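**Student:** prediction below, plus the sequence it came from.
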Amino acid sequence: MTTAKFLSLSLFIFGITLFGITPAAQAQFLGIGGGRLMPRDMAGEATGNSPGLAPRSEFHGGGLFALDVGVWRFPYVSLGFHYSLAGADLSLERGDVLGSSAEVELRAHTVTFDTRLRSPFRSGFRFFGLAGAGITRLGLDVRREAGTPFPAGAPGGITAFVFTYGGGVERHLHQLVHLRVEVRDYRSPIPTQLFRPGGLGGRVAVIGGITIGL
């Protein structure tokens, strides 16, 4: 699946969901925000074929844009979709006898179906927790490589399952406008093209923005 097809599918899902479940909902909300992505570095152990060398992936987080849309099915429970676009830089060391390495720019498009649980407002503030699941699409631009960091060739894009959880706080500004700060962790399988032997990795996002709706 190309990035363009992924984005088209994401927008289609957003639209169908919004128009399909809005009539049965009590209220709708739209959240727009930005922040920073902080991926976790990963390091392995040296193998017998390459003593003294260990695979390593070091990430340098970048900016993030986020969009949330959904409906409140009950007073304190919502259903909706979350979309984020984030960037990061990757320094990859394969850990082989050739000393293969690469500098890569990553772009992550992520769509998840989220459930949120919120508290009532107290002194103008309310708290919320969230959990969801979906898919993430990684695009790679290789800026530098040495040896064979990608034995099968640099992938044009990688799609993986992702689940997310987190929470935050909203500050009431107006009947329909709230400031929002949230922290969420995206957890997904690490493709072996980026780190061997793969495994499960996390990307923490700190997001601030506004929510329009009840």
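**Tutor:** Sure thing, it's come through.

**Student:** and the next helix or strand past the longest strand along the chain?
**Tutor:** As assigned by DSSP state E, the longest strand anywhere in the chain is strand 125-146. The helix or strand immediately downstream of strand 125-146 is strand 157-172, counting by DSSP states H and E.

**Student:** quick one: the following helix or strand past that following strand to strand 157-172, angle?
**Tutor:** Sequence order places strand 177-189 as the next helix or strand after strand 157-172, per DSSP H and E. Orientation of strand 177-189 against strand 157-172 (axes from the mean of the first three to the mean of the last three C-alpha atoms, to 10 degrees) gives an angle of 150 degrees.

**Student:** who does strand 177-189 touch, helix- and strand-wise?
**Tutor:** strand 27-39, strand 125-146, strand 157-172, strand 200-213 (3 or more C-beta pairs under 8 Å, 6 or more residues apart in numbering; DSSP states H and E). The C-beta positions use only the backbone N, C-alpha and C, and glycine is treated the same way.

**Student:** circling back to that earlier point, tell me the helices and strands packed up against the longest strand of the chain.
**Tutor:** Strand 125-146 packs on helix 3-21, strand 101-118, strand 157-172, strand 177-189, going by 3+ C-beta pairs under 8 Å, 6+ apart.

**Student:** buried stuff in stretch 119-132?
**Tutor:** The neighbour-count check on stretch 119-132 (16 or more other C-beta atoms under 10 Å) flags 126, 128, 130, 132 as buried.

**Student:** got a list of what Val204 touches?
**Tutor:** 37-40, 183-186 (C-beta atoms under 8 Å, 6 or more residues apart in numbering).

**Student:** now it, which residues is it bridged with?
**Tutor:** Met38, Asp185 (DSSP bridges).

**Student:** you'd agree Gly33 is up against Val183?
**Tutor:** No. At 11.8 Å, Gly33 and Val183 do not qualify as touching, with contact defined as C-beta atoms under 8 Å.

**Student:** which one of those two has more residues nearby?
**Tutor:** Using other C-beta atoms under 10 Å as the criterion, Gly33 and Val183 rank with Gly33 on top: 22 against 14.

**Student:** how close does that one get to Phe74?
**Tutor:** Plainly put, Gly33 is 24 Å away from Phe74 if you go by C-beta to C-beta, to the nearest Å.
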